[in-house]
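1. Can you look at this prediction? I've put the sequence above it.
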Amino acid sequence: MSESPAATLPALAVCEQARLSRDARFDGLFFTAVTSTRIYCRPVCPAPTPKPANIRYYASAAAAEAAGFRPCLRCRPELAPGNASWHRGEHVVARALKLIEAGALSERPLAELATRVGVGARQLRRLFVAHLGAPPIDVHTTRRLLFAKQLLTETALPVTEVALASGFGSLRRFNAAFAAANRMPPRELRRQPRAASGAALVLRLGYRPPYDFEALLAFLRTRALPGVERVDEHAYARVFGDADEAGWLRLTAASGDDHALQLELHGARPAQLLPLVTRLRRMFDLDADPRVIAATLGASAVLKPMLRRHPGQRLPGGWDGFEIAVRAVLGQQVSVAAARTLASRIVQRHGTVLALPLPDGLERLFPTPAQLADADLRELGVTTARAAAIRGIAQALLDGRVDFRVEQPLQEFVERWVALPGIGEWTAHYMAMRALSHPDAFPAADLILRRAAAGGGAELGTKALASLAEAWRPWRAYAVMHLWRSAGDAATAKRSKP
């Protein structure tokens, strides 16, 4: 047995044990290829165990495909969660992967991608091969082909629409690329019969356990904006798109025990599918590796018991950066409920009402920066200072002075945002945590954090908390969620006492 020599992999003994036990915690962290069949699998594949001499390990699906292996039809590598170790944080590879997920290589050359992350194209190729076992273009192509494979397997979309949805400009190029990677043309993989026009598109979104979906729903439910989204104990639903072409989605726990959520899409155009799935995977933190996070945070005496109580805690992202920015300003020094009330008023007054038929409770889009740049929000109960801050944010986004580019480092993001009137460190870090899903964002001035981190002692100062949290890098945002949840648990327990 051997491993891809330059790629970053778990230790060989760990890969062996995870493969033999079909440990779902390692799903997507490596792939197992079998030389006798030329097929690569997830570590959870239920197929009979191959001979040890025939096994090769690869750090990514792209690396396995670059070595000439095709994806398994049984365990379906396209359902494996991503490897957050290289999709998060400040490393050049992590930042480049975020850009690839955002479509940076769909129409732009590698040189432009490399420039955006501050390295040369050759160096970027070397880094990708060293850490992922394949160059950027192979990672991009494999991602598109695996998504196409999922659409062909799980939906009734015509092959021409699958090609468009997976980012191929022509059916001919798609057919050729798919056949080369899978040793069969796309139509041979088709499993679903053609569905009636207008039927929902249903996809499975895999995650790595443990995963506390109920806790994410609870967090989002207290912040849900009527008309835009609807959250109950079992599902998250919201509208998406624009006034001309809008749709809606619903996300629930998938049936069975295969570690996946079920996404139901209505009214989505083919070109929207991959961006929508990418956005939801980030928003619901489906690619996190709980083992790696716990290894760092579990060393803290403050956090260790919290991780034991809630091992599946994830980082709840936001749907849209501007929406999160408005919510963050409204939430400055007020309760979650009060901020939600103000945000709901803004949506009802300035949001775009949709004319198409939608489920009860979904009817409008959150306002755009252009809609709020000159809006007078004071009549809705927003203070003069916060109303001015929201208008300033809207105008700054329109001018390009700030943005929510996925590849920007945390410090750069914070510095640019705090330069705007009404935006302090707390607000900027909260936005980074929710809008960018940055794993190391840390609003150290937060009062609840300073109390919860004290462990029952005297409330910590902002500097003291920031100093304590240095040992929690690069996962400080997860520490935030554990501390907030601990404070909520304590408040609930206190109210329940006779």
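-> Yep, that arrived. Numbering: from 1, shown residues only.

2. From here on, just use CA atoms for contacts and neighbour counts.
-> Fine.

3. Now do the same contact list for the closest residue to Ala343 other than its chain neighbours.
-> Spatially, and ignoring its direct neighbours in sequence, Ala343 is nearest to Arg327 (6.5 Å; Cα to Cα, 6 or more residues apart in numbering). For Arg327, the contacting residues are 339-340, 343, by Cα atoms under 8 Å, 6 or more residues apart in numbering.

4. now the helices: where do they sit in the stretch 51-200 of the chain?
-> For the stretch 51-200 of the chain, the helices defined by DSSP state H, counting those that start in this stretch occupy 61-66, 92-101, 104-107, 110-116, 121-132, 136-154, 159-165, 171-182, 186-189.

5. ranking those helices by burial, who's on top?
-> helix 61-66 (a mean of 25; mean count of other Cα atoms under 10 Å).

6. Tabulate the helices of the stretch 51-200 of the chain (TSV), appending distance to Ser255.
-> Output for the helices of the stretch 51-200 of the chain, formatted as TSV (distance: least, Cα to Cα, whole Å):
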stretch	distance to Ser255
helix 61-66	26
helix 92-101	27
helix 104-107	34
helix 110-116	39
helix 121-132	32
helix 136-154	15
helix 159-165	25
helix 171-182	28
helix 186-189	23
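
7. Of all these, which one is nearest Leu449?
-> Of all the helices of the stretch 51-200 of the chain, helix 92-101 sits nearest to Leu449, with 27.9 Å by Cα to Cα.

8. Can you tell me how far the residue lying closest to Leu201 once chain neighbours are set aside is from Val231?
-> Counting by Cα to Cα, 6+ apart, Leu265 is the residue found nearest to Leu201 once chain neighbours are left out, at 5.0 Å. Relative to Val231, Leu265 is positioned 16 Å away (Cα to Cα, to the nearest Å).

9. Thr492 now?
-> Distance from Thr492 to Val231, by Cα to Cα: 21 Å.

10. which one of these two has more residues nearby?
-> Set Thr492 next to Val231 and count neighbours by other Cα atoms under 10 Å: Val231 wins out with 22 against 11.

11. what sits against that one?
-> By Cα under 8 Å, 6+ apart, the neighbours of Val231 are 217, 220-221, 224, 237.

12. Next, the residue nearest to Ala343: phi, psi?
-> The phi and psi values for Arg327, taken as degrees, to the nearest 10, are phi -60, psi -40.

13. Likewise for Gln262?
-> Dihedral angles (degrees, to the nearest 10) for Gln262: phi -110, psi 120.

14. Can you get me a residue count around the residue nearest to Arg386 when sequence neighbours are not counted?
-> Using Cα to Cα, 6+ apart and skipping the chain neighbours, the partner closest in space to Arg386 is Val329 (6.4 Å). Close neighbours of Val329, defined as other Cα under 10 Å, add up to 26.

15. Would you confirm that Val329 contacts His429?
-> No - here Val329 does not reach His429: they are 11.9 Å apart, not a contact under Cα atoms under 8 Å.

16. In three-state terms, label the residue nearest to Leu201 for me.
-> Counting by DSSP: H, G, I helix; E, B strand; the rest coil, the backbone at Leu265 sits in strand.

17. Could you shift the numbering so residue one becomes 21, and keep it that way?
-> Yep, numbering from 21; the last one is Leu285 now.

18. That one and Ala79, how far apart?
-> 31 Å.

19. What lies in contact with the helix or strand Ala359 falls within?
-> Assigned by DSSP states H and E, Ala359 falls within helix 356-370. For helix 356-370, the surrounding residues in contact (Cα under 8 Å, 6+ apart) are 242-248, 346-347, 350-351, 384-387, 391-392, 397, 400-402.

20. Next, the buried residues of it.
-> For helix 356-370, a neighbour-count test (16 or more other Cα atoms under 10 Å) marks 359-368, 370 as buried.

21. again, but for stretch 84-102
-> Buried positions in stretch 84-102, judged by neighbour count with 16+ other Cα under 10 Å: 84-86, 88-93, 95-102.

22. Next: stretch 476-489.
-> By neighbour count with 16+ other Cα under 10 Å, stretch 476-489 contains the buried residues 479-482, 485-486, 489.

23. now stretch 37-51
-> 38-39, 42-51.

24. then it to PDB, C-alphas only?
-> Extracted in PDB, the C-alpha atoms of stretch 37-51 (Å, rounded to 0.1, in the frame of the first residue of the first chain):
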ATOM      1  CA  GLN A  37      -8.300   2.000  10.400                       C
ATOM      2  CA  ALA A  38     -10.900   4.400   9.000                       C
ATOM      3  CA  ARG A  39     -11.200   2.400   5.800                       C
ATOM      4  CA  LEU A  40     -11.600  -1.000   7.600                       C
ATOM      5  CA  SER A  41     -14.100   0.400  10.100                       C
ATOM      6  CA  ARG A  42     -15.900   2.600   7.400                       C
ATOM      7  CA  ASP A  43     -15.600   5.500   9.800                       C
ATOM      8  CA  ALA A  44     -17.900   8.300   8.600                       C
ATOM      9  CA  ARG A  45     -15.800  10.900  10.500                       C
ATOM     10  CA  PHE A  46     -13.100  10.600   7.800                       C
ATOM     11  CA  ASP A  47     -15.500  10.700   4.900                       C
ATOM     12  CA  GLY A  48     -14.100  13.200   2.300                       C
ATOM     13  CA  LEU A  49     -10.800  13.600   4.200                       C
ATOM     14  CA  PHE A  50      -9.200  11.000   1.900                       C
ATOM     15  CA  PHE A  51     -10.200   8.600  -0.900                       C
END
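
25. Quick one: the strands in the protein, in order.
-> Using DSSP state E, the strands of the chain run over 22-23, 51-54, 59-61, 75-78, 90-91, 221-226, 249-251, 255-261, 266-273, 280-286, 372-373, 384-385.

26. Report all helices and strands that the last one contacts.
-> Based on contacts counted as 3 or more Cα pairs under 8 Å, 6 or more residues apart in numbering; DSSP states H and E, the elements that strand 384-385 packs against are strand 255-261, strand 372-373.

27. Mind listing residues that contact the shortest one?
-> By Cα under 8 Å, 6+ apart, the surrounding residues in contact with strand 372-373 are 263, 383-387.

28. Okay, the residue nearest the centre of the chain and Ala87: tell me how far apart.
-> When Cα atoms, centre = their mean is applied to the chain, the residue found nearest the centroid is Arg302 (0.8 Å). Per Cα to Cα, Arg302 is found 29 Å from Ala87.
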